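A.B. asks: Fold the following and give me the result.
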Amino acid sequence: MSTMDSKLNDLVERDRDHECKGFGADHVCVRIVAVAKLPSRFGDFRIVAFWNNRDQKDHIAIVHGDVVGAEEVPTRMHSECLTGDVVGSLRCDCRDQLETALKRIGEAERGVVLYLRQEGRGIGLANKIRAYALQDRGLDTVEANLALGFRDDERDYAVAAHMLASLGIGSIQLMTNNPSKVEQLKKYGINVSKRLPHLLPPNDHNRFYLETKAKRSGHFIDFTGTPHLQEQSDPVIVEGMPD
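C.D. replies: Here you go, the predicted structure:
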């Protein structure tokens, strides 16, 4: 058994009777319940399953290298998207984001992808499809969510914050274009030392979706093909700036 496997198995044993006051207003508490090897086309990973006391969904961490107790760990938080991740929908960039993150982390010394069961920005699969129908009638993604009685983004990252804490990760470099992810993780006590732009070229079907992310939701998306400029102009966090 490798050192990494031993560390992760020790965490499973540690968490068998774990209880805590939890993270966030809902007091979200998670436990590491299972670990297994996960060889993939993107590299060799370990898959770590988490129980939580809030939504009864099985969130997972896809881990490469020795992340337990590590600093500056490249990290991607990916919200579940059945239409994109599984079917390959061109309406969003979710599958491209997931595969690119796994490839980059698989090539790095270490890193983690948190796969979070927050379909449709937290509104669920059926409501996401209802939102798609409204978008087919001309609404953008924000307008569609609001028309259904939701906020533009219902996701909360307390589960993700506790997952990172449970893995003993000291600090992360977050792969994201979404400033809310940085702000929420920092609010929950996670040391986000750097934001890594995660920019991918649009297609004809998702360009308006990505433009809406940039214009309505404040995502750092640059359509000029120069992602390094995004990191330099990022007002939330840039390497070397004080928190």
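A.B. asks: can I assume Phe50 sits in a strand?
C.D. replies: Yes. Under DSSP: H, G, I helix; E, B strand; the rest coil, Phe50 sits within a strand.
A.B. asks: Neighbours of Ser6, how many?
C.D. replies: When neighbours are counted by other CB atoms under 10 Å, Ser6 registers 11. No exception for glycine: its C-beta is placed from N, CA and C like everyone else's.
A.B. asks: quick one: pLDDT of it?
C.D. replies: With respect to pLDDT, Ser6 has a value of 89.
A.B. asks: does it sit in a helix, a strand or a coil?
C.D. replies: Going by three-state DSSP: Ser6 is helix.
A.B. asks: can you give me the helices in this structure?
C.D. replies: 3-14, 94-107, 125-136, 141-147, 158-166, 179-187, 207-217, 227-233 (DSSP state H).
A.B. asks: so which of the ones you listed is the most packed in?
C.D. replies: Across these, the average number of neighbours (mean count of other CB atoms under 10 Å) peaks for helix 158-166, which reaches a mean of 24.
A.B. asks: returning to what we had before: got the helices of the chain as a markdown table, with distance to Val113 columns?
C.D. replies: As requested, the helices of the chain are exported to a markdown table (distance: least, CB to CB, whole Å):
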| stretch | distance to Val113 |
| --- | --- |
| helix 3-14 | 15 |
| helix 94-107 | 5 |
| helix 125-136 | 21 |
| helix 141-147 | 23 |
| helix 158-166 | 11 |
| helix 179-187 | 13 |
| helix 207-217 | 20 |
| helix 227-233 | 19 |
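A.B. asks: Of all the ones you listed, which one is nearest Val63?
C.D. replies: Between Val63 and the helices of the chain, the tightest spacing by CB to CB is seen for helix 3-14, at 7.5 Å.
A.B. asks: The closest one versus helix 158-166: what angle between them?
C.D. replies: Taking axes from the mean of the first three to the mean of the last three CA atoms, to 10 degrees, one finds helix 3-14 and helix 158-166 inclined to each other by 120 degrees.
A.B. asks: picking up where we left off before, mind checking the helices of the chain for the one nearest to Ser40?
C.D. replies: helix 94-107 (7.0 Å).
A.B. asks: okay, and for the protein, where does confidence drop off?
C.D. replies: 199-243 (pLDDT under 70).
A.B. asks: what do you get if the cut-off is 80, keeping everything else the same?
C.D. replies: By pLDDT under 80, the low-scoring segments of the chain are 1, 198-243.
A.B. asks: Just give me the residue closest to the centre of it.
C.D. replies: What sits nearest the mean C-alpha location of the chain, by CA atoms, centre = their mean, is Met77, with 1.3 Å.
A.B. asks: That residue contacts Arg117, doesn't it?
C.D. replies: No. Applying CB atoms under 8 Å as the test, Met77 and Arg117 come out as separate, 12.0 Å apart.
A.B. asks: quick one: the residue lying closest to Ile172 once chain neighbours are set aside from Arg16, how far?
C.D. replies: Of all residues not flanking Ile172 in the chain, Thr75 sits nearest, at 4.1 Å (CB to CB, 6 or more residues apart in numbering). Note on Thr75: its distance to Arg16, by CB to CB, to the nearest Å, is 26 Å.
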